[in-house]
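K.L.:
no sequence on this one, just coordinates:
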């Protein structure tokens, strides 16, 4: 993948404005919608069991996030994922806080059978998910993303999904290929929902037509380069200003600045 | 209506600080509350079936938005609308995404019988709602607002509501009179919830005492002029900065700038 | 308490990054999470009855806010508070709009038996809560905070909680000692969720190890000084810009500026 390949997936989002059906957590709905709009996609957050099976097939992709899962949402997620499968629509799984909480962990494992295009999580989430397939468990969420690289490969091989582990360095693997991204800023951890919105951006990229490997790399690369440039644009690196600058940067970042900043490596 | 008439309804909001009970969608709760506060109203988002019938009569107006409708919210909306009718409180309906989704479409049609003061939607929503009364259906949401003008008039005549269709040009009709507003900025479509919050602002205006026709025009005019001036205040037209500038402009826009910018026409 | 004592509790939050489990209202989830991150704490908003009893013991403190209470949330709150008691974790109660609404008022009174470390509310909320123990009721929420001082003392004496009444002047009492804080800005009432997030910040302070009296004073002092300095940093005192500046100030305020601005008095 070249910088031009990666940026191309974002240009497709901008030109096609894919409709992304988000079943996400209560904390990040607004920010996720604004990130999708900034990137050029169209967010929609239909939530009811009475509606999701009708709505998901109208969307270009589905983004599922377990951050504030409850029983009615679990039912809606199952229906939406089934509808996505039937309609041949790609979907993305963000297994927030999977590991210590059995209710969401069981749902996340169940959903893997419906083969998301991409799973994106932090190190402990990916290790926990892979653990169900035979690896380790219970690692602290402060683990560096490199600790989850083996787990990510195993998870990708076992499920056929592309797996992205985000952290100071981001890793993406399909079980055979692996690549790393070394952009971003610590400020991305000081604003709630940056990671959750990133998963929705992956969904926007697959919804606009990119293959899962391409989509995951493009969304992660674009978002972390935008975050890095947004941080650099500030007189002081503070989180309120950063959230505004990040949305602005997502809406305006061009191919030249993207390529000049990108730190991408195939491992 | 003169610019002074329209601005007068906003001044009433500022001086009376009407309490607006919002039953709205999960994506826009925070932004809607901040818009109402910026305009000078007091937001309140009591949601439970155990509380809404007690609370709506304490408010000055009710704002109902179907964006993330589910069954418990449908029940709460029915109870709140019934309480508003009994207590003689005005209410506003925002029929988000009505048309392709039967569950919310049926509720929206049912609620029309309880005669909202104002219905505000985009072209496809208004055409879909009017369709139940005899017009066309299924129009794409990218339709220009002018395509919905006949539907809006039919809907207003059949229900006795004032109907507002928003888009690049906004139209307001009571079935007899029609007026257009040609202010705003494309950035208002790049921040989630601007339209939803606009419906709540209409509720604030009726809650402060304006007649529905006056309230709908005043809220749309004030919001779109504020959006236009907020966009003009920015060095670059980007959505993160715009959301901040829009709230600022809503809180500070004065009668002179409003009158100088307003593009209002009776058709 | 000296300015140094108060700032010390914030420094503990910054160094220990307490995990704060928030069961809060739908309007302020995002802002509350961003405030906690800005102050240096780690927010988590697990909501389901299937998960809260597992999760609360993993957190350092629990923050309960009744703003958009419904029956499933009431059940989750009861389970989380019981788990906090069993695990010996401190918790904070924000009794939003208690008084006119029997459903939440009954829950708030029930929860007092589980002895929160701190109760934080506005004048009418505190008067209503204390009223159940023998005082007056139904006072308008526009009452100045000083009107609630006797009620706050009675409530603290009857329950063993520290009680904070916030308004233009903030008061904190444990039933014996009382202190006032005279910082802040009217802009803090023009952004939704500032008070709700403040309660979560109190939880962060107790979660980082401060005693309830110390935690309540520190969180109120730090937040109102940060708000005041954020307002002063703006070219124009407008709410959109203020929300951004407030988060920035919460993330950067240092001991010297805090001490120079603080207006604290023991009564």
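P.N.:
Received, thanks. Not measured: the values here are computed from a predicted model. Numbering: from 1, shown residues only, chains lettered A, B, ... in the order given.

K.L.:
And stretch A:58-78, how far out from the chain middle?
P.N.:
Distance, stretch centre to chain centre, for stretch A:58-78: 14 Å (C-alpha atoms, centre = their mean, to the nearest Å).

K.L.:
Say whether chain C is contacted by that stretch.
P.N.:
Yes - for stretch A:58-78 and chain C, the contact criterion (C-beta under 8 Å from any C-beta of the partner chain) is met by A:67-71. For every residue, glycine as well, the C-beta is placed using N, CA and C.

K.L.:
now do stretch A:16-31
P.N.:
Yes - using C-beta under 8 Å from any C-beta, stretch A:16-31 reaches chain C at A:25-31.

K.L.:
Residue A:165: neighbouring residues, count only.
P.N.:
30 (other C-beta atoms under 10 Å in any protein chain shown).

K.L.:
and the residue in the stretch 151-267 of chain A that chain B sits nearest to, how far is that from chain C?
P.N.:
For the stretch 151-267 of chain A, the residue closest to chain B is residue A:247, as judged by C-beta to the nearest C-beta, at 3.0 Å. According to C-beta to the nearest C-beta, to the nearest Å, residue A:247 and chain C sit 12 Å apart.

K.L.:
One more: residue A:228?
P.N.:
In terms of C-beta to the nearest C-beta, residue A:228 sits 19 Å off from chain C.

K.L.:
Could I get the full set of helices for the stretch 151-267 of chain A?
P.N.:
Assigned by DSSP state H, counting those that start in this stretch, the stretch 151-267 of chain A shows helices spanning A:194-207, A:212-232, A:239-252, A:255-261.

K.L.:
Tabulate these in TSV, adding columns for mean neighbour count and mean pLDDT.
P.N.:
Shown next, in TSV, are the helices of the stretch 151-267 of chain A (neighbours: other C-beta atoms under 10 Å in any protein chain shown; pLDDT from 0 to 100):
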stretch	mean neighbour count	mean pLDDT
helix A:194-207	30	98
helix A:212-232	25	98
helix A:239-252	25	98
helix A:255-261	14	98
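
K.L.:
now for these, which one comes closest to residue B:100?
P.N.:
Of all these, it is helix A:194-207 that lies closest to residue B:100, at 17.7 Å by C-beta to C-beta.

K.L.:
what packs against the closest one?
P.N.:
helix A:3-16, strand A:19-23, helix A:29-39, strand A:61-65, strand A:91-94, strand A:118-121, helix A:212-232 (3 or more C-beta pairs under 8 Å, 6 or more residues apart in numbering or on different chains; DSSP states H and E).

K.L.:
Now do the contacts for the spatially most central residue of chain A.
P.N.:
Centroid-nearest residue in chain A: residue A:199, 1.7 Å away (criterion: C-alpha atoms, centre = their mean). By C-beta atoms under 8 Å, 6 or more residues apart in numbering or on different chains, residue A:199 lies in contact with A:63, A:65, A:92-94, A:118, A:120.

K.L.:
Likewise for residue A:7?
P.N.:
A:218, A:222, A:255, A:258-259.

K.L.:
same thing but 10 Å
P.N.:
A:218, A:221-222, A:225, A:253-256, A:258-259, A:262 (C-beta atoms under 10 Å, 6 or more residues apart in numbering or on different chains).

K.L.:
From chain B, how far off is it?
P.N.:
Note on residue A:7: its distance to chain B, by C-beta to the nearest C-beta, is 19 Å.

K.L.:
Please look at residue A:170 and residue A:179 and confirm they touch.
P.N.:
Yes - Residue A:170 is in contact with residue A:179 according to C-beta atoms under 10 Å; the separation is 8.9 Å.

K.L.:
related to what we said a few turns ago, can you add neighbour count and give the contacts of residue A:199 back as TSV?
P.N.:
As requested, these are arranged in TSV below (neighbours: other C-beta atoms under 10 Å in any protein chain shown):
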residue	neighbour count
A:63	33
A:65	28
A:92	33
A:93	32
A:94	30
A:118	29
A:120	32
